[in-house]
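*Asks:* show me how the following folds:
(one chain, ligands or ions: 1)
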Amino acid sequence: MKLWGGRFRKEENKLMESFNSSLAIDKRLVYEDITGSLAHIKMLVGSEILTETEGNKISEGLHSILSDIENEDLLIDGDYEDIHSFVEANLIEIIGETGKKLHTARSRNDQVAVDMRLYAKKKSAEVVEAIEFLQNSLKMKADENPVMMPGYTHLQRAQVVTFKHHLMAYYEMVDRDKRRIKNAMSILDESPLGCGALAGTTHTINRGMTAKALDFEKPVNNLLDGVSDRDYLLELMSCFSIIMMHLSRLSEELILWSSQEFNFIEIDDAYSTGSSIMPQKRNPDSAELIRGKTGRVYGSLISLLTTMKGLPLAYNKDMQEDKEPFFDSLDTTLSCLEMMSEIIATLKVNKGNMKKAVKKGFLNATDLADYLVKKGVPFRDAHGVVGEIVIYCEDNEKGIEDLSLEELTSFSAVIDEDIYEYIDYQNSLNRGIKKLLVT
Ligand code: ARG
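*Replies:* Residues are numbered from 1 along each chain as shown. Got it, this is the predicted structure:
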């Protein structure tokens with residue numbers, strides 16, 4: 001079953017064999033592996049390296065392996081070194097001697113590189129779709145809820161905003177994530193097939209033809225780089241890490257908002273769980289898990305960065321360790337995006353509690369300072385006056401809007417009856433968020 005047995009006098013040690021095998025992990029590349037081989041074979045025939053009859057036989061064999069796998073007539077396991085060895089060995093078993101010609105003018109180094117790029121491209125498009133799905137949920141929930149809520153800095157009530165405005169901030173974050181992924185996809189869009197082990201091949205192959213057949217923009221420029229490059233995985237994993245950072249911030253807010261202390265939202269029952277001992281509990285596990293899984297996505301990025309650090313050119317077996325972290329960070333990011341879309345789409349907004357919270361915490365203090373400025377008071381002085389008014393309000397357990405005109409004018413003579421309209425929360429929103437025409 002070994003692709004490389006000829007040069008060896010001894011059998012491979014059993015422990016070494018399982019230590020070396022990546023089949024359990026890279027079996028998910030089977031579709032890309034066969035797609036890459038089909039393009040390679042077509043090119044070998046086109047370049048008159050194999051005959052048409054040989055090419056057809058190999059292609060048919062590859063197609064039948066794929067359909068056997070799809071029909072579960074062929075299971076991907078056994079003592080194979082990796083998915084590439086698995087496909088080649090099965091091909092030889094099905095079509096015989098001709099199957100041994102598949103690997104002409106190719107190395108597993110350019111083979112695995114092209115498989116991974118094809119897979120990364122396909123899956124990145126799924127991440128983009130999942131982001132768009134989340135954006136739809138965010139936008140829908142935002143449009144349904146242009147209700148006022150406290151905006152925070154330092155987690156202290158700061159100024160009035162709307163729930164819509166708050167959710168749309170996340171819409172923008174993930175929109176940048178989407179653009180980052182698309183950019184990474186365009187950078188990785190070069191085919192390494194034909195780089196050979198590191199130095200190409202003595203056969204007259206046509207890298208442009210395989211690149212085109214596999215829908216890559218062009219072949220890579222440098223053969224050594226083509227088989228050594230795992231930047232595209234690192235770049236995507238960086239994008240995934242940033243996505244998870246955004247999702248974990250949103251999760252944290254959802255968790256806080258669904259606490260009794262805030263009581264701004266309710267995460268739907270379908271995405272919450274209970275306690276085995278405390279009958280009253282309704283825990284926001286879905287959001288907590290997203291927040292928690294962020295750690296493993298960061299971990300995967302650091303893992304591969306560390307694996308790649310200091311590796312000499314070209315291929316080294318260390319690089320087989322790219323797959324587990326990449327697959328894990330991809331799967332985790334996809335499932336978290338999907339989960340977050342559902343949490344957002346189904347969550348209930350406690351509008352009344354948000355509005356009530358706006359009225360506590362002097363969220364119109366900045367408006368009052370702006371009002372004084374409009375009446376000719378320099379901003380720094382206005383800031384000081386409003387600070388004193390806030391102390392007075394705290395001592396008397398009142399909001400600024402509850403003070404009488406007499407109380408207000410005792411702090412500044414420029415204050416007039418029109419102050420009440422100015423510091424009204426809805427008017428404040430209309431002047432700020434709405435006037436700037438932001439969502
Ligand atoms: N399973 C290997 C990997 O994922 C394939 C490349 C093997 N190349 C080699 N020269 N041993 O990296």
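
*Asks:* from Pro279, how far out is the residue nearest the centre of the chain?
*Replies:* Central residue of the chain (Cα atoms, centre = their mean): Phe240, 3.4 Å from the mean position. Distance, Phe240 to Pro279, using Cβ to Cβ, to the nearest Å: 38 Å. In short, each C-beta sits where N, CA and C put it, glycine included.

*Asks:* ok, for the residue nearest to the centre of the chain, nearest residue in space, not its chain neighbours?
*Replies:* Thr333 (4.2 Å; Cβ to Cβ, 6 or more residues apart in numbering).

*Asks:* and the one you found, that one's in a helix?
*Replies:* Yes: counting by DSSP: H, G, I helix; E, B strand; the rest coil, Thr333 is located in a helix.

*Asks:* what about the residue in the stretch 201-350 of the chain that the ligand sits nearest to, how many neighbours?
*Replies:* Closest residue of the stretch 201-350 of the chain to the ligand, Cβ to the nearest ligand atom: Gln320 (3.6 Å). Gln320 has 18 neighbours, counted by other Cβ atoms under 10 Å.

*Asks:* interface residues of the stretch 251-400 of the chain facing the ligand?
*Replies:* 315, 317, 319-320 (Cβ under 6 Å from any ligand atom).

*Asks:* how about the residues of the stretch 101-250 of the chain by the ligand?
*Replies:* In this structure, the stretch 101-250 of the chain approaches the ligand at residues 108-109, 112, judged by Cβ under 6 Å from any ligand atom.

*Asks:* now with 5 Å, please.
*Replies:* Residues of the stretch 101-250 of the chain that fall close to the ligand, judged by Cβ under 5 Å from any ligand atom: 108, 112.

*Asks:* and the strands in the stretch 101-250 of the chain?
*Replies:* For the stretch 101-250 of the chain, the strands defined by DSSP state E, counting those that start in this stretch cover 148-153, 156-162, 190-191, 218-219.

*Asks:* any idea which of the ones you listed is most buried?
*Replies:* Most buried of the strands of the stretch 101-250 of the chain by mean neighbour count (mean count of other Cβ atoms under 10 Å) is strand 190-191; its value is a mean of 23.

*Asks:* now that strand: mean pLDDT?
*Replies:* Across strand 190-191, pLDDT averages out at 98.

*Asks:* helices or strands up against that strand?
*Replies:* Applying 3 or more Cβ pairs under 8 Å, 6 or more residues apart in numbering; DSSP states H and E, one finds that strand 190-191 contacts helix 108-144, helix 207-213, strand 218-219.

*Asks:* one more time with 10 Å
*Replies:* Contact analysis of strand 190-191 by 3 or more Cβ pairs under 10 Å, 6 or more residues apart in numbering; DSSP states H and E lists helix 108-144, helix 207-213, strand 218-219, helix 223-228 as its packing neighbours.

*Asks:* which parts of the last one are buried?
*Replies:* By neighbour count with 16 or more other Cβ atoms under 10 Å, helix 223-228 contains the buried residues 223, 225-228.

*Asks:* what is the subsequent helix or strand relative to the host helix or strand of Glu421?
*Replies:* Take DSSP states H and E as the rule and Glu421 turns out to sit in helix 419-422. Using DSSP H and E, the helix or strand that follows helix 419-422 in sequence is helix 425-429.

*Asks:* contacts for that following helix next, please.
*Replies:* Where contact means Cβ atoms under 10 Å, 6 or more residues apart in numbering, the residues beyond helix 425-429 that reach it are 146, 148, 150, 159-162, 165, 355, 358-359, 363-364, 366-368, 370, 401, 420-422, 434-435.

*Asks:* please enumerate the helices of the stretch 1-150 of the chain.
*Replies:* Under the criterion DSSP state H, counting those that start in this stretch, the stretch 1-150 of the chain carries helices at the ranges 14-20, 23-26, 30-46, 52-70, 83-95, 108-144.
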